[in-house]
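# Provide a 3D model corresponding to the input given below.
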Amino acid sequence: MGKNVFTKILVLLVAISFVIHMPAFAAGNAAEDLKQAEQSIDTAIDWAAKGNLAEVQKSYDQFNKTWKKIEPGIKAHSVTAYRDIETGMGQIVYALTIKKTDQVQQALNNLKAVNEKFINGGYPKETAVKEKDMSIDDFILILQSTKKAAKEEQQSSALEGIKKASDSWLSVEGIVVAQSASVYSDSERDLVTIQAMLAANPPNYDKAVKTIDQMINYLTPLASKSEYTYWDAAMILLREGLEALLVVIALLSFVKKSGAEKGKKWIWSGVLGGLGVSIVLAIIVKFVLSSGAFGNNNALIGGWTGIFAAAMLLYMSYWLHSQSNIADWNRYLREKSQTAITTGKLISLGVLSFLAVFREGTETVLFYIGMASQIKLQNLLLGFLIGAAILGLIAFLMVYVGLKLPLRPFFMVSSVIVFYLAVKFTGMGIHSLQLAGLIPTTNAPDGLSMEFFALYPSWESIIPQLLLIAAVVIFLLIKKYTNKKLITNGKGDFAK
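Numbering: from 1, shown residues only. Modelled structure (predicted):
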């Protein structure tokens, strides 16, 4: 009984930690928050007067980092003030990009004036109204406005437009993914690509305009659909749930094979915790905040959970592969006696299953909430049940086949599946952090994109994935060489 309580408390603490570490939505007094943040702008102004743009950039980056935490509070007080401050920040970004000291000074002073106006009560409090989630038509209008600014080579306006599109993506992604998985993937890829093109020095306006046109063209046909079928609802669960399922089933099969039955409790606790937090968070986003306001935070959550899960999956893949030698596995079981798995690994099983489910679960629930007004309730429930049934069948077959496999093939296959997920989660995690603006984007050739591996045309995401693959290849070659040497020396102890 005590262990069960401990398990639930641990999972709850892990879940709460993710919510706590999200950027604050509206903590403290908005004017006081902005006054403290403005100290970075004062420092930037001093450096600009000395002509040191590198230090100006550092000070502005500090303001921008703080702004991401306090902007919901400013917006809740006055949308007008929020827009004026965002515009001022866009002017600073542009001035720093072209490296014109006089324009940097002017932009910094303009932003300080807007900040002071808000701090001194110059912006009357506006009636707080929950933003209405937008339609695809509304989203396309944002893209068209961004395209116009890019055509006129107005970098600050274009960057502001594409940032607004990224933040608003959460409002429409459920509608998109329900109709076309490929369009969904292309849209997430292009949002990051366009931002990189516009932020480049010099900006690549022609390619940005072309890519925005491309987005508008493939999104427009989706705007006319007004009602969804049960199959649309089923496909959402299948698409979002399959990767989490692969992680959970690999873990369950492993503990079953090892005889560590108590590992199941940790895994299922992680699954239930991930589902619970996903549902609560999605309901808060939908009915308390707006999807658009939560867009940046959702990308941050998806990014960090993806990176953390990828690291744990990589370790799990290594560990599974290391047990593929039957002699090593038997030795391991003898060392661990009846426990088979250490407490630390048990905890990691629960955390990993939580991360996998939480990462996919939040978006899945948001997708369903988003499409609820455009589908009959019976079709929504039927679609969910069909999707759950198919996932259940896949899970049964995976467990059944996995348990039928001999030890060596089981560990080899499991390690390959888990490593594939580690590579994919790495790409997805970095891409989400790019959507949130936390990691810069350097565009790679479009031909490098591959949805199956979450390979996006960005060097910041491609290089870590390639390094992971290269490290594993080197590890396997070294291990093969070492094993061959042991056999040659007559010291090998390998099962056929």
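# Now do the contacts for Y456.
Applying C-beta atoms under 8 Å, 6 or more residues apart in numbering, we find Y456 in contact with 189, 192, 427, 431, 449, 462. Quick note: C-beta positions are derived from backbone N, CA and C, even for glycine.
# of all those, which comes closest to F63?
Using C-beta to C-beta, V192 is the member of the contacts of Y456 that sits closest to F63, with 23.2 Å.
# host element of that closest one?
helix 181-199 (DSSP states H and E).
# elements contacting that helix?
Contacts defined by 3 or more C-beta pairs under 8 Å, 6 or more residues apart in numbering; DSSP states H and E place helix 181-199 against helix 155-179, helix 205-223, helix 407-435.
# so how far is the helix or strand A113 falls within off the chain centroid?
Using DSSP H and E, A113 sits in helix 101-119. From the chain centre to the centre of helix 101-119 is a distance of 33 Å (C-alpha atoms, centre = their mean, to the nearest Å).
# and what of stretch 468-486?
32 Å.
# Kindly report the same for stretch 357-370.
12 Å.
# Between helix 155-179 and the helix or strand that the helix holding A113 is followed by, find me the angle.
Of the helices and strands lying after helix 101-119 in sequence (DSSP H and E), the nearest is helix 136-151. Taking axes from the mean of the first three to the mean of the last three C-alpha atoms, to 10 degrees, one finds helix 136-151 and helix 155-179 inclined to each other by 150 degrees.
# Show me what helix 136-151 packs onto, helices and strands only.
Counting by 3+ C-beta pairs under 8 Å, 6+ apart, helix 136-151 packs on helix 155-179, helix 205-223.
# mind checking which of the ones you listed is nearest G392?
That would be helix 155-179 among those, by C-beta to C-beta, at 21.3 Å.
# buried residues in the helix or strand hosting N64?
N64 is part of helix 53-77, with elements assigned from DSSP H and E. Within helix 53-77, the residues that qualify as buried by neighbour count (16 or more other C-beta atoms under 10 Å) are 53, 56-57, 59-60, 62-63, 66-77.
# what's the next secondary structure element after that helix?
helix 79-98.
# Now that next one - C-alpha only, PDB.
Provided in PDB are the C-alpha atoms of helix 79-98 (Å, rounded to 0.1, in the frame of the first residue of the first chain):
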ATOM      1  CA  VAL A  79      -4.400  44.500 -25.600                       C
ATOM      2  CA  THR A  80      -3.500  47.900 -27.100                       C
ATOM      3  CA  ALA A  81      -0.400  48.200 -24.800                       C
ATOM      4  CA  TYR A  82       0.500  44.600 -25.700                       C
ATOM      5  CA  ARG A  83       0.400  45.400 -29.400                       C
ATOM      6  CA  ASP A  84       2.400  48.700 -29.000                       C
ATOM      7  CA  ILE A  85       5.100  46.900 -27.000                       C
ATOM      8  CA  GLU A  86       5.300  44.000 -29.500                       C
ATOM      9  CA  THR A  87       5.600  46.600 -32.300                       C
ATOM     10  CA  GLY A  88       8.400  48.400 -30.500                       C
ATOM     11  CA  MET A  89      10.300  45.100 -30.000                       C
ATOM     12  CA  GLY A  90       9.900  44.300 -33.700                       C
ATOM     13  CA  GLN A  91      11.600  47.700 -34.500                       C
ATOM     14  CA  ILE A  92      14.500  46.900 -32.200                       C
ATOM     15  CA  VAL A  93      15.000  43.400 -33.800                       C
ATOM     16  CA  TYR A  94      15.000  45.000 -37.300                       C
ATOM     17  CA  ALA A  95      17.400  47.800 -36.200                       C
ATOM     18  CA  LEU A  96      19.800  45.300 -34.700                       C
ATOM     19  CA  THR A  97      19.600  43.100 -37.800                       C
ATOM     20  CA  ILE A  98      20.700  45.900 -40.100                       C
END
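# Would you mark the buried spots in it?
Applying 16+ other C-beta under 10 Å to helix 79-98 flags 81-82, 84-86, 88-97 as buried.
# going on from the lowest-mean-pLDDT helix or strand in the chain, what's the next piece of helix or strand?
Within the chain, confidence by mean pLDDT, DSSP states H and E is lowest for helix 2-20 among all helices and strands, at a mean of 43. For helix 2-20, the following helix or strand on the C-terminal side (DSSP H and E) is helix 30-49.
# Need the mean per-residue confidence for that next one.
The average pLDDT within helix 30-49 is 91.
# In terms of secondary structure, what does that helix contact?
helix 53-77, helix 101-119.
# The last one - contacts with which helices or strands?
In this case it means helix 101-119. Using 3+ C-beta pairs under 8 Å, 6+ apart: helix 101-119 touches helix 30-49, helix 53-77, helix 79-98.
# possible to save these as JSON lines with distance to L381?
Formatted as JSON lines, these follow (distance: least, C-beta to C-beta, whole Å):
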{"stretch": "helix 30-49", "distance to L381": "42"}
{"stretch": "helix 53-77", "distance to L381": "34"}
{"stretch": "helix 79-98", "distance to L381": "37"}
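# Now for the nearest residue to G90 once chain neighbours are set aside: which residues touch it?
Nearest residue to G90 in three dimensions, chain neighbours excluded: S156, at 3.6 Å (C-beta to C-beta, 6 or more residues apart in numbering). Counting by C-beta under 8 Å, 6+ apart, S156 makes contact with 87, 90-91, 93-94.
# Kindly present those residues as JSON lines, with separate columns for pLDDT.
Formatted as JSON lines, the contacts of S156 follow (pLDDT from 0 to 100):
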{"residue": "T87", "pLDDT": "73"}
{"residue": "G90", "pLDDT": "72"}
{"residue": "Q91", "pLDDT": "77"}
{"residue": "V93", "pLDDT": "75"}
{"residue": "Y94", "pLDDT": "68"}
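# from these, which single one is nearest L467?
For those, the nearest to L467 is V93 (30.5 Å; C-beta to C-beta).
# Surely the closest one is in contact with L159?
Yes: contact criterion C-beta atoms under 8 Å: V93 and L159 qualify, at 6.3 Å.
# shared neighbours of the two, which are they?
A199.
# How is this protein partitioned into domains?
23-119, 136-223, 230-488 (automatic domain parsing).
# Excluding chain neighbours, what is closest to K35?
The nearest residue in space to K35 (C-beta to C-beta, 6+ apart) is I119, at 5.2 Å.
# okay but that neighbour is in contact with A31, surely?
Yes: with contacts counted by C-beta under 8 Å, I119 reaches A31, the gap being 4.9 Å.
# Now do the helix holding V192 against helix 79-98, angle only.
Using the same axes, to 10 degrees: helix 181-199 against helix 79-98 is 60 degrees.
# Tell me the confidence at V401?
71.
# element containing it?
Counting by DSSP H and E, V401 is part of helix 377-404.
# and that helix, what other elements does it pack with?
helix 230-258, helix 343-371, helix 407-435.
# Of all those helices, which one is nearest E173?
helix 343-371 (7.3 Å).
# quick one: the closest residue to F425 other than its chain neighbours from T426, how far?
Nearest non-adjacent residue to F425, counting by C-beta to C-beta, 6+ apart: A310, 3.9 Å away. Separation of A310 from T426 (C-beta to C-beta, to the nearest Å) stands at 4 Å.
# same deal with E460?
From E460 to T426 the distance is 11 Å (C-beta to C-beta).
# what's the answer for F63, then?
30 Å.
# That'll do, ta.
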